[in-house]
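>>> I need the structure of the sequence given here:
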Amino acid sequence: MRLLVVIILLLLPSVSGAVLLTGKVVWEGEKRIDEKVRVEPGAELVVKPGTTVIFTAGGLEVAGRLSARGAVFKGKKWEGIVLKGCTLATLLTESEVSGAKIGIQVIGGEPRLEQLTLVGNDVGIELRQKSEATVAGSIFRQNRKVGLFLKDGVKAAVLNNKFEENGRYGAYIFRSTPRRFSGNVFSRHDTGLMVAYSGSDPELRDNCFDQNKVALRVEKAARPRITGSDISNNEVGISLYRRADPVIENNLLANNETGIEIAFSSYPEIRHNDFVDNGKALYLEFQSSNWEKTKGASTRQATSSRSAFGSLDKSSTELPPPRSMDGTIDARDNWWGKAGTAELEKIGADGNPGFIDDGRDRPTFVEEGQDYPLDTVIFSPWLQQSSLQGKDKE
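Predicted coordinates for the structure are as follows:
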C-alpha cells in the first residue's frame, strides 16, 4: 500500500522535497523537482517517452537502475544526473539533458548512454572511477567547459558522437585509456580533443576533426595512437606539448594552417600519413633534446603544474623519459602531397623542404640567455603516393 502511495505522488505534475525511490517507479508527463531524488539500490526508475523533468534545484542520483527513452531533463544550474555503479541494465537513450552543472556523471559501472543530446551544461558527461560506460551516437553541443570528460582510469567506449562548439574542449581524456574511441566528429572548438598525462594511452581511431583552432592536443607524456583519422581545415591539426609521445599513423592531415606542431620535449612517431595542402606540414617550437637533457626535469619540478581545469597536480612533474633524444623527430615514410613530393625529388634527402619548419630554418632558440639547438625532422625516405587507399586526396 505504501509503495502504491509513493507511485501516485510521483506521477503528480509537481513534486518537491527530498525523495528516496524504492521498488519500481514510473515518471511521465511534466514533473518539477526542487531537491535531490535518489533511486535506491535494487530500485528502478522508468522515465517514459515524452516526459519532461524540470529541476529548479537538486538533481537525480541513481544507485539502482534507470531507464529513460525520449525524455527531457532540464533546469538552470541543477546538479544533473549521477549514476553510481550502474550496470548495463541502466539505459538513457534518445533523450536531452541541459542546463546542469554536470549533465550526466558516471561513477564506476557500465551504463549505456546512447543517442543523447547534451547541450548548455557546464560539463556534458563526466566519466569517473574506471567506468566502463558506453557513450554512443550522442551530440555534445555548447557545453561551457567540456562536452565529455574522462578521468580516473576510465575504460569506456566512446563511439560515433558529434562534438560541436563546446567551451574549452570538445572532449578531455585525463589519465584514462578508453577501450574504444572511434567514429567521433569534432567541429568548431578551441581544442577539439585533449589527451593528457602519463596513463592516457588510448587508440584514437577513425575520428574526424574539422574547423577547430586546435583539433587534437596531446601533452605531459600521454602516448595515444592516433590512426585512420581525417584532420582537415583546422588552424592546428595536432599539437604536441610538454612531453607528448604519440604514435601518429595512417591519417589524413589536409588544409590545416599547421599539420602537426611539436613543442617542449615531445617525441612522436609520425608515419604513413598523408600531408596535403597544409600551410606547414610540421612546425617545431622550443623543441630541443639538448634542453630536455639539461633543463627538462628541473624546469618541470620548479613549475607549479595544474591538472584538468586548474586543480594542482603534484605528480605532474614526474614524467617518464622520452623514447629517444638524438635531436631528431621521426617522420619517415609519409606522403607529402603531390607538390611536396615534387619538391623532395628536386632537393633530395639532405634538402630543406619548405613545408617543414625546424632546426634547418631556425637553428637555435634562446631561453634565459642560453642558446639551445632546435631539433630537426627526418623525412627521408618518403612515400611516392598516398598511403591511404580508396580516397581522393588532391
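>>> so where do the helices sit in the stretch 251-394 of the chain?
Listed from the start of the chain, the stretch 251-394 of the chain has helices (DSSP state H, counting those that start in this stretch) covering 289-291, 297-302, 337-347.
>>> residue 111: which of these is closest?
Proximity of the helices of the stretch 251-394 of the chain to residue 111 was assessed by CB to CB; the nearest stretch is helix 297-302, lying at 37.5 Å. (Each C-beta comes from the backbone N, C-alpha and C, glycine too.)
>>> now the closest one: mean pLDDT?
Helix 297-302 comes out with an average pLDDT of 66.
>>> and for stretch 73-84?
Looking at stretch 73-84 alone, the average pLDDT works out to 97.
>>> just the CA trace of that stretch, in CSV.
Extracted as CSV, the C-alpha positions of stretch 73-84 are listed here (Å, rounded to 0.1, in the frame of the first residue of the first chain):
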residue,chain,number,x,y,z
PHE,A,73,15.8,16.6,-18.3
LYS,A,74,16.4,20.3,-17.9
GLY,A,75,16.8,23.2,-15.4
LYS,A,76,19.1,26.1,-14.6
LYS,A,77,22.4,25.1,-12.7
TRP,A,78,20.8,22.0,-11.3
GLU,A,79,23.1,19.2,-10.2
GLY,A,80,22.5,16.8,-13.1
ILE,A,81,22.1,13.0,-13.2
VAL,A,82,24.6,10.9,-11.2
LEU,A,83,24.9,7.2,-12.0
LYS,A,84,26.7,5.3,-9.2
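>>> residues touching that stretch, excluding its own?
Around stretch 73-84, the neighbours that count as contacts under CB atoms under 8 Å, 6 or more residues apart in numbering are 36, 52-63, 66, 90, 92, 95-109, 111, 121, 133.
>>> I'd like the distance between residue 218 and residue 204.
Using CB to CB, to the nearest Å, residue 218 is found at 10 Å from residue 204.
>>> neighbour count for those two, which is higher?
When residue 218 is set against residue 204 and neighbours are counted by other CB atoms under 10 Å, the residue ahead is residue 218, at 28 against 25.
>>> what's the closest of the helices of the stretch 251-394 of the chain to residue 208?
Relative to residue 208, the nearest member of the helices of the stretch 251-394 of the chain by CB to CB is helix 337-347, separated by 19.5 Å.
>>> only alpha carbons, please: show the closest one as PDB.
What follows is the C-alpha trace of helix 337-347 in PDB, where atoms were taken according to Å, rounded to 0.1, in the frame of the first residue of the first chain:
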ATOM      1  CA  GLY A 337      51.200  15.500 -51.300                       C
ATOM      2  CA  LYS A 338      52.000  16.000 -55.000                       C
ATOM      3  CA  ALA A 339      53.600  19.400 -54.600                       C
ATOM      4  CA  GLY A 340      55.700  18.300 -51.600                       C
ATOM      5  CA  THR A 341      56.800  15.100 -53.300                       C
ATOM      6  CA  ALA A 342      57.900  17.100 -56.300                       C
ATOM      7  CA  GLU A 343      59.900  19.400 -54.100                       C
ATOM      8  CA  LEU A 344      61.600  16.500 -52.300                       C
ATOM      9  CA  GLU A 345      62.500  14.800 -55.600                       C
ATOM     10  CA  LYS A 346      64.300  18.100 -56.500                       C
ATOM     11  CA  ILE A 347      66.100  18.900 -53.300                       C
END
